[in-house]
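# Could you look at this predicted model? Sequence included:
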Amino acid sequence: MKVLLVPPTFHYPQEPPLLLSLSDFPAGFAYIAAALKEAGHEVFGLNPNNAIGSEKNYYLLVNQLFAALQEIKPDLIGLGGICIDFAFLKDAVELIRKFAPRTPIVLGGGIITNDREFIFGLLKPDFGIVGEGEETIVQLAKALEAGQREFKEIDNLSYWADGRAIFNPFKPLESYGDVDKRPLPDYEPFGIRDMIDNYSMATRLLFRYSRTYPRPMTIVTARGCPFNCSFCIHRGNQFYRPRSIKNVMEEIRVNYERYRFNILIILDELFAVNKQRMRDFCEGVLEGKRLFGWDFDWQFQTHASARLDYDTLLLAKQAGCVYFSYGIESASPKVLKSMNKKTDVSQITEAVRLADSVGIGFGGNLIFGDPAETQLTIYESLDFFAKYGVSAFIFLSFLRPYPGNRLFDYCSEKGIIRDKGEYYANIDQAAINMTSLPDSIWYQWTNFFSILERSWLWVKDTDAISIDKEEQADPVASYRGASMFKVQAQCPYCKQAIMFREMIANNKTEWPLFMGVGCPKCNKRIKINLKLPVENKEQAEEKVAVLV
């Protein structure tokens, strides 16, 4: 059977189209592709990203889908995503119905897992899969290939029978079996080499600052999370299942030989669940460096309950770790309790201290807007930010009530969200006030958070020593109407000479100009002022403009 898998366009509603680095590619599609290939099916990927040529994502999708369907003539089409991919999935389903009306569509991912009946009835794919999809889609493909019309024996599957939606039982995660026995993810159908070779500069700063010429790769070392935070959309995936370190190292070995990546981003929401697993991973990477010549930096995120200590972090640094993060969320005990975070602010401050002493970057997010938020709790978090956001990578945002988390249930019960369909259609378009603060006050705060986030006011700065334009064009810079520059400076913390490559637009000369980065030597958050001594405006225009 020929299966076409179509991951979402990155930030689909945003125009013009954004470019996609592998760092943000949905890894679930690579696992689905690998499972189908292992079962003997022919897998094709249509990655509707990085196709420069239109200012509208919709028209890019129209052209690419039409061409792929005409050329491949698939027997099954797989779509998937999370709730913010609603607009893409809605358009994709409608276009496939128009271009290939007899080809069955199967929809998976968090959007249907967290809101199964509503999304299945609204988007009306032929099939829907909740939970982890490898086993279910293989069973579905086998049934379709055999010409079956009955699907009641396939767990986790939704389908239509006599015009009525049928929802098969959900298979408990405990019965999924050993995750080590699943095939390693296969990114080849989706243009992984192109993403790494040509679009790595589209990787967000935090994931690429450690390398001048970044080549990021991602990995999932465990599934599930035992915690149940109020804003998390994975309430049905609390059964934590780590892969063995041996299995993880094999994936690293295979992908390093194929792609020669130099940054490894561990995608797990909960990586180092304890210090021993962390140490085992570090020993495995160090052995790989000795045996295979691995040369890459890596970073991870985990829960504060891991209680990492100095010796463990020092070993991680020796193994190439440059950055890690905790889910901070708030510095107010009252808000943390409301979020069900199961953390204490002292755990975060201790992590900042340890990271500083070891020389590893530390970060996390402060997310405002929990129903328990007040002006006092906002001040508590901002005090924390003013103290620790100077050198640590702490970013500001606000909470979103997404279908599948308790905040969405709260907003529905309180009448804050009245029409679910309308909410999906405009998801992430505006902040929602879940606090007891008046709208006039709350939305002033959201504007303040946005300005504060962009300005890097608290961060230590240093002046650029030189800014030199590169002759060779970069695809990401060219698309953004910019050029690549090499910026040299001295870190205000470790005093070492540092050099970055960054995109700077050629058509504006607004002051002051700065680039926010991380020092690749000591991994602290710094700001580089781009203004150089110049004799006239023409020289300024040649040297620097506005950072893209």
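Looks like it came in fine.

# Enumerate every residue touching Lys98.
Residues near Lys98 by CB atoms under 8 Å, 6 or more residues apart in numbering: none. Glycine gets a C-beta too; all of them are placed from N, C-alpha and C.

# for the stretch 101-250 of the chain, what spans make up the helices?
Remark: helices assigned in the stretch 101-250 of the chain by DSSP state H, counting those that start in this stretch are 110-113, 116-123, 134-145, 192-198, 205-208, 245-259.

# So which residues of the stretch 51-200 of the chain form strands?
Counting by DSSP state E, counting those that start in this stretch, the stretch 51-200 of the chain has strands at residues 76-80, 105-108, 127-129, 157-161, 164-167.

# got the ones you listed as a markdown table, with mean neighbour count and distance to Asp186 columns?
Shown next, in a markdown table, are the strands of the stretch 51-200 of the chain (neighbours: other CB atoms under 10 Å; distance: least, CB to CB, whole Å):
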| stretch | mean neighbour count | distance to Asp186 |
| --- | --- | --- |
| strand 76-80 | 26 | 14 |
| strand 105-108 | 25 | 16 |
| strand 127-129 | 27 | 18 |
| strand 157-161 | 19 | 23 |
| strand 164-167 | 12 | 29 |
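
# circling back to that earlier point, out of the helices of the stretch 101-250 of the chain, which gets nearest to Trp458?
helix 205-208 (16.7 Å; CB to CB).

# which stretch among the helices of the stretch 101-250 of the chain comes nearest Glu38?
Of all the helices of the stretch 101-250 of the chain, it is helix 134-145 that lies closest to Glu38, at 8.1 Å by CB to CB.

# Compare the strands of the stretch 51-200 of the chain and give me the one nearest Arg290.
So among the strands of the stretch 51-200 of the chain, strand 76-80 is nearest, using CB to CB, at 39.1 Å.

# export stretch 79-96 as CSV, just CAs?
Provided in CSV are the C-alpha atoms of stretch 79-96 (Å, rounded to 0.1, in the frame of the first residue of the first chain):
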residue,chain,number,x,y,z
LEU,A,79,-2.6,13.9,8.5
GLY,A,80,-1.9,15.0,12.1
GLY,A,81,-1.1,17.8,14.5
ILE,A,82,-2.0,19.6,17.6
CYS,A,83,-4.8,22.0,18.3
ILE,A,84,-3.0,25.0,16.9
ASP,A,85,-2.8,23.1,13.5
PHE,A,86,-6.5,23.2,13.2
ALA,A,87,-6.6,25.7,10.2
PHE,A,88,-4.0,23.6,8.3
LEU,A,89,-5.8,20.3,8.9
LYS,A,90,-9.2,21.8,8.0
ASP,A,91,-7.8,23.1,4.7
ALA,A,92,-5.9,19.9,4.0
VAL,A,93,-8.9,17.7,4.4
GLU,A,94,-11.0,19.9,2.2
LEU,A,95,-8.4,20.0,-0.6
ILE,A,96,-7.8,16.2,-0.5
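
# Now it: buried residues?
79-93, 95-96 (16 or more other CB atoms under 10 Å).

# before we move on, what about stretch 430-448?
Buried residues in stretch 430-448, counted by 16+ other CB under 10 Å: Ala431, Ile432, Asn433, Met434, Thr435, Leu437, Trp442, Trp445, Thr446.

# out of the residues you listed, who's nearest Glu453?
Ranked by distance to Glu453 (CB to CB), the buried residues of stretch 430-448 are led by Thr446 at 10.6 Å.

# quick one: pLDDT of that closest one?
pLDDT for Thr446: 93.

# Confirm it sits in a helix?
Yes - using DSSP: H, G, I helix; E, B strand; the rest coil, the assignment for Thr446 is a helix.

# Contacts only, for it.
Residues near Thr446 by CB under 8 Å, 6+ apart: Phe368, Gly369, Phe398, Ala431.

# separation between it and Phe231?
The gap separating Thr446 from Phe231 is 16 Å, by CB to CB, to the nearest Å.

# per the record, what domains does this structure have?
Annotated domains of the chain cover 2-171, 203-326, 461-543 [automatic domain parsing].

# of all the ones you listed, which lies closest to Ser450?
Closest approach to Ser450 among the domains of the chain is made by domain 461-543 (14.8 Å; CB to CB).

# quick one: that closest one to chain centroid distance?
Distance of domain 461-543 from the chain centroid (CA atoms, centre = their mean, to the nearest Å) equals 26 Å.

# one step back: will you turn the helices of the stretch 101-250 of the chain into JSON lines that also has mean neighbour count?
Converted to JSON lines, the helices of the stretch 101-250 of the chain look like this (neighbours: other CB atoms under 10 Å):
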{"stretch": "helix 110-113", "mean neighbour count": "26"}
{"stretch": "helix 116-123", "mean neighbour count": "17"}
{"stretch": "helix 134-145", "mean neighbour count": "20"}
{"stretch": "helix 192-198", "mean neighbour count": "18"}
{"stretch": "helix 205-208", "mean neighbour count": "20"}
{"stretch": "helix 245-259", "mean neighbour count": "16"}
